[in-house]
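Novice: No letters, just coordinates:
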């Protein structure tokens, strides 16, 4: 039995097409990606709390209501239980405000749907424009908050890379997008994830990579908790890069 507070971590896409009932007809590539995500989630250890991280504002959510009505799927709803103890401590440590909203933003909602509801959650939005050092330190703060709250946790972050890899992508083709994705993947496969600093935030915005900020938080948390991250899959259906990783 490990005595680490953060006992598991993962990056998965926050793409709605991976949600059952949304990504209908996505083809073999999407199904293979969905299967990889399910395997990673199923193998995460059971803990007291799950920390979900995606780009957005600098806020912590007191509630975790999921509703995909805005995408035309009003039947896809879920209410996740928040973890008030962890939210309170993390808000104090980071000075992030706490908000109560009718539903989670889309990226966090998708992470919540894919992660399941086996543990209470902390839904954390982080600014995409923040520098690497700030985001990495935020990951360390998550570990610190779990320790102060005397809770074990897992962290699941958005692993969406460039949305501009080719002409079929949502952002069409962005110059340097493929090289940017390759450098992100290499930074984790070569155990040099601090190189993420060289890839954002401006460079990440240029290639439409929403997951860069969350991956920086994951880097900081994993380093603080001495977790080893492993790339499980990188794939790019429909011109968007997705990075699936896990660590224990």
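Specialist: Done, it's in. What you see is a predicted model; the values in this text were computed from it and never measured.
Novice: what residues are up against residue 77?
Specialist: Taking C-beta atoms under 8 Å, 6 or more residues apart in numbering, we find residue 77 in contact with 65-69. Bear in mind the C-beta positions are built from the backbone N, C-alpha and C, glycine included.
Novice: try 10 Å
Specialist: 65-69, 103, 109, 113 (C-beta atoms under 10 Å, 6 or more residues apart in numbering).
Novice: what about the strands in the chain?
Specialist: Under the criterion DSSP state E, the chain contains strands at 6-12, 49-56, 59-61, 64-68, 73-80, 98-99, 121-127, 153-158, 229-235, 242-247.
Novice: quick one on the thing from earlier: farthest pair in the contacts of residue 77?
Specialist: 69 and 113 (13.6 Å; C-beta to C-beta).
Novice: coming back round to it: minimum distance to residue 184: which of the strands of the chain has it?
Specialist: Judged by C-beta to C-beta, the one of these that comes nearest to residue 184 is strand 242-247, at 6.7 Å.
Novice: what residues do residue 69 and residue 113 have in common as contacts?
Specialist: 76-77.
Novice: These two: which is more packed in?
Specialist: residue 113 (23 against 11; other C-beta atoms under 10 Å).
Novice: if I look at the residue nearest the centre of the chain, how far off is residue 12?
Specialist: Residue closest to the average C-alpha location in the chain (C-alpha atoms, centre = their mean): residue 157, at 1.5 Å. Note on residue 157: its distance to residue 12, by C-beta to C-beta, to the nearest Å, is 8 Å.
Novice: Now do the helix ranked longest in the chain against strand 6-12, angle only.
Specialist: Assignment by DSSP state H gives helix 132-149 as the longest helix of the chain. Using axes from the mean of the first three to the mean of the last three C-alpha atoms, to 10 degrees, the direction of helix 132-149 lies 140 degrees away from that of strand 6-12.
Novice: Tell me if I'm right that residue 50 and residue 115 touch.
Specialist: Yes: at 5.9 Å, residue 50 counts as touching residue 115 under the criterion of C-beta atoms under 10 Å.
Novice: Please name the bridge partners of the closest residue to residue 125 other than its chain neighbours.
Specialist: Nearest non-adjacent residue to residue 125, counting by C-beta to C-beta, 6 or more residues apart in numbering: residue 56, 3.4 Å away. Beta-bridge pairing of residue 56 under DSSP bridges involves residue 127.
Novice: again, but for residue 246
Specialist: Note on residue 246: beta-bridge partners residue 10, residue 230, judged by DSSP bridges.
Novice: returning to that earlier point: of the contacts of residue 77, just say which sits nearest to residue 198.
Specialist: When the contacts of residue 77 are compared against residue 198 (criterion: C-beta to C-beta), the nearest one is residue 109, at 30.7 Å.
Novice: Let me know the average pLDDT across stretch 182-196.
Specialist: For stretch 182-196, mean pLDDT is 85.
Novice: same question, stretch 100-115
Specialist: On average, the pLDDT along stretch 100-115 is 97.
Novice: And for residue 187, nearest residue in space, chain neighbours not counted?
Specialist: Using C-beta to C-beta, 6+ apart, the closest residue to residue 187 is residue 195 (4.2 Å).
Novice: Around that neighbour, count how many other residues there are.
Specialist: Applying the criterion other C-beta under 10 Å, we find 15 residues in the vicinity of residue 195.
Novice: Report the contact partners of it.
Specialist: Counting by C-beta under 10 Å, 6+ apart, residue 195 touches 132, 183-184, 186-188, 219.
Novice: Kindly report the same for residue 167.
Specialist: By C-beta under 10 Å, 6+ apart, the residues touching residue 167 are 173, 239.
Novice: Now do the buried residues in stretch 105-125.
Specialist: Across stretch 105-125, burial judged by 16 or more other C-beta atoms under 10 Å covers 105-115, 119-125.
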